[in-house]
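> Pasting a predicted model and its sequence here:
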Amino acid sequence: MAVDAISPRPRAAFELTPAAELACFALCVANVALLAAMFMQGSWLLGADGAPVPTDFVNFWAAGRQVLDGHPDLAYVSQLHKDVEAAAVGYSFDGDYPLIYPPTFLFVATLLALVPYLPAFAAWTCVTFTAYVIGMRRIVGHPAGILFACAFPAVVSNFAVGQNGFLITALLAGTLTCMERRPILAGCFLGLL
């Protein structure tokens, strides 16, 4: 039996009831269906006109593009940053996605900008989602953690806008699961936050 990090007592074996399993599966299906509907309606990834839909991710990619163009400082100048965002999606759009992350995040943004916008968006969400699922599986300590991670309703939001929630959760999960046995690695995960 496994010992949890809070108490030295062995914890009971984890059992997922059929009702809970069915509910999680239904939420997973709903998440996929909602993303498919958003794509078909033109509100996710590509608009009805076939142009990319601007979302939170555009500010990551645009900041990386500014670094690659030799002007990392301009990522923090709102109007100039907005111009690069508009170029990324191919048109000017209402709203603003300013870069509010520390300069160290520009390393990540630069990696993303090495590839075109839509493939970078897909890579970002797929890689960070995978890390999120692995982290949740490790926290739960049972394969059901994968089902819980995929069923969580906020998964749709992260996929839809390309935000950093998956990455933050994965780093927190790494911190929590490594604290006791690998504290230096846990500190590295925490430091990356």
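Sure, I can see it.
> tell me which residues of stretch 183-193 are tucked away?
Buried residues in stretch 183-193, counted by 16 or more other C-beta atoms under 10 Å: 186, 189. C-beta: built from backbone N, CA, C; applies to glycine.
> Also stretch 97-109?
Residues 97, 99, 101, 105-106, 108-109 are the ones in stretch 97-109 that count as buried (16+ other C-beta under 10 Å).
> Return the set of buried residues in stretch 114-126.
117, 120-121, 124-125.
> I'd like to know which of these are part of helices.
117, 120-121, 124-125 (DSSP state H).
> can you put those in TSV and add pLDDT and distance to residue 38?
Output for these, formatted as TSV (pLDDT from 0 to 100; distance: C-beta to C-beta, whole Å):
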residue	pLDDT	distance to residue 38
117	96	18
120	97	19
121	97	14
124	97	17
125	97	13
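> so how many other residues sit close to residue 180?
11 (other C-beta atoms under 10 Å).
> Which of the three states applies to it?
Following DSSP: H, G, I helix; E, B strand; the rest coil, residue 180 is assigned to coil.
> With residue 140 as the reference, measure out to it.
Noted for residue 180: a distance of 16 Å to residue 140, by C-beta to C-beta, to the nearest Å.
> Look up how far residue 112 lies from the residue nearest the centre of the chain.
The residue lying closest to the centre of the chain (C-alpha atoms, centre = their mean) is residue 166, at 3.3 Å. From residue 166 across to residue 112, the span is 14 Å (C-beta to C-beta).
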